[in-house]
Each structure stands twice: as C-alpha cells, then as structure tokens.
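*Asks:* Need coordinates for the below:
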Amino acid sequence: MKEIQIIKAESRGSADYAWLKANYYFSFSNYYNPERMHFGMLRVLNDDFIEGGMGFAKHPHDNMEIITIPLEGAIAHEDSMGNTSVIHAGDIQVMSAGTGVVHGEKNFNPNLPLKLFQIWIFPNKKDVAPRYQQITLNTEDRNDKWSQILSPNATDEGVWIHQDAWMFRGDFKAGQTVFYNLKNKENGVYLVLINGSIMIDNEKLDKRDAASIRNTDGFEIKILDNSEILVIEVPMN
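*Replies:* Alright, predicted model coming up:
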C-alpha cells in the first residue's frame with residue numbers, strides 16, 4: 001500500500017552561522033532528529049543560503065555520492081583530485097568520494113548570495129576511485145515535462161553515480177496533472193517542491209515542502225501554481 005509522508009518546510013532543522021543559513025531535511029551537523037536520519041539511500045538534503053564570498057574550508061569525504069545543485073548564483077569548487085571549477089545555477093555537479101577526497105567550496109560571487117541544494121546518497125560500491133563530473137543542464141528540457149538530471153548509467157542523460165538512483169526536475173504550469181512513474185518499483189521517491197504549489201493525494205505542498213513516497217510504482221501530482229519540482233528516486237534498502 002502506498003505510503004506518503006509530507007515534510008513541511010517549517011519543520012526542517014535549521015542553523016544560522018551568519019554567513020550560512022542552512023535548512024536540513026535530515027539530521028545533519030548540530031540538528032539531530034531520530035525520525036529523520038535518512039530516506040533509504042538518501043542521507044543528506046540541505047537547502048543552503050551562503051553570503052557573498054563565503055564558504056566551506058577544505059574538508060574530507062569518503063564513500064559517499066555528493067551532488068550539488070545551485071539554484072541561484074554560483075559556487076567555486078576545488079578538490080584534491082586537481083579539479084577547480086565554477087558551478088552555476090543551471091548546472092549539476094557530482095563527486096564520488098570513494099576512497100577519499102578533500103574539497104572546499106565557496107560562493108564564487110563576492111557580493112551576491114548563493115542558494116543551493118547539497119545532496120548525499122550512500123553508494124552501492126565502497127572504496128571506488130574518486131571521480132568528479134559537472135554538466136550544464138538545458139532548462140528548456142524541463143518545461144512541462146520531467147528532465148532526467150542523474151542516473152546510475154554513464155551513457156544516460158545527466159550525471160551518474162554509484163547507486164541505482166535517479167533525479168528528475170520539472171517546471172510545470174498551473175492547471176495540469178502530471179505523473180511520475182518510478183524507474184524501479186522497489187525504490188522510493190523523495191520529492192521537493194522548489195517553488196510553487198502542488199497537490200499529492202489531497203495533501204497540499206508549498207515552496208520547499210517535501211514528500212516521501214514509497215510502496216508504489218507511480219503517482220500523480222496536481223499543479224496548483226506554476227511549480228518547480230525535484231524528484232529523487234532511491235533504493236530503500
């Protein structure tokens with residue numbers, strides 16, 4: 001039987017470090033909620049606001065798939081693999097930490113804020129060679145349809161990771177009903193409403209609300225206002 005849980009934006013964990021204002025969908029840093037540790041293989045989903053020129057000093061990661069999606073502005077990245085890059089809104093970046101990598105990130109613009117999603121997914125292979133990938137997405141590809149931005153397959157659209165997971169974004173105009181069909185019916189879906197207003201199973205979601213959905217092979221969404229939606233489909237075990 002289909003299970004849906006609505007996560008209201010105001011119920012998320014939060015932190016204010018002056019230069020960083022963070023909202024946590026799952027336990028992270030000083031926010032601990034035993035009922036929000038992870039959703040299947042999805043471990044972290046942070047909604048961050050970073051002041052101009054500020055950022056995270058170099059720090060290590062291992063055995064995690066780390067995905068960065070800037071929503072506004074641009075982030076400068078540097079890592080121990082020798083990558084130096086700028087990730088702009090409209091791009092997606094993935095780093096497979098594997099055996100270990102050190103990286104630092106900061107707001108590329110000294111005078112403009114940066115808004116981004118930071119997402120961590122547990123890998124299905126441990127101790128792989130660290131890797132980096134970044135692409136620019138065609139935003140027109142998601143006008144009134146789902147655009148795949150991440151998958152397990154290097155030859156598919158979007159970036160790829162070491163996990164049987166998919167991500168889609170869609171920008172939908174008000175008044176329509178859209179469907180999401182899971183790539184694997186054993187997976188679950190964590191849906192985040194970036195902007196807008198939608199209805200799922202008579203439950204209304206507004207900006208930055210989320211829904212965890214499992215035990216189904218698909219579901220419908222009623223678009224109440226023009227809406228930007230991120231879907232994260234992950235294995236539950």
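
*Asks:* unless I'm mixing things up, Ile4 is touching Ser212, no?
*Replies:* Yes. Contact criterion C-beta atoms under 8 Å: Ile4 and Ser212 qualify, at 7.2 Å. Yep, even glycine has a C-beta here, placed from its N, CA and C like the rest.

*Asks:* and Asn83, how far is that from Asp201?
*Replies:* 42 Å (C-beta to C-beta, to the nearest Å).

*Asks:* What is the burial count for Met163?
*Replies:* Careful, residue 163 is Gln; it's not Met. Close neighbours of Gln163, defined as other C-beta atoms under 10 Å, add up to 20.

*Asks:* If I look at it, what pLDDT would I see?
*Replies:* What the model reports as pLDDT for Gln163 is 98.

*Asks:* Correct me if wrong, but it is in a helix.
*Replies:* No. Under DSSP: H, G, I helix; E, B strand; the rest coil, Gln163 sits outside any helix and is assigned coil.

*Asks:* Contacts only, for Lys125.
*Replies:* Neighbour list for Lys125: His162 [criterion: C-beta atoms under 8 Å, 6 or more residues apart in numbering].

*Asks:* Let me know the secondary structure of it.
*Replies:* coil.

*Asks:* same thing with Lys204?
*Replies:* Under three-state DSSP, Lys204 comes out as strand.

*Asks:* give the contact list for it.
*Replies:* 197-198, 224.

*Asks:* Closest one of these to Asp144?
*Replies:* Ile198 (13.7 Å; C-beta to C-beta).

*Asks:* The closest one and Asn226 touch, don't they?
*Replies:* No. Using C-beta under 8 Å, Ile198 makes no contact with Asn226, being 10.3 Å away.

*Asks:* Between these two, tell me which one has more neighbours.
*Replies:* Ile198 (22 against 13).

*Asks:* wait, doesn't Leu71 sit right on Ile92?
*Replies:* No. Under the criterion of C-beta under 8 Å, Leu71 makes no contact with Ile92, lying 11.2 Å away.

*Asks:* These two: which has the busier surroundings?
*Replies:* For Leu71 versus Ile92, neighbours defined as other C-beta under 10 Å are more numerous around Ile92 (22 against 17).

*Asks:* for that one, which residues make a bridge with it?
*Replies:* Per DSSP bridges, the residues bridged to Ile92 are Ile135.
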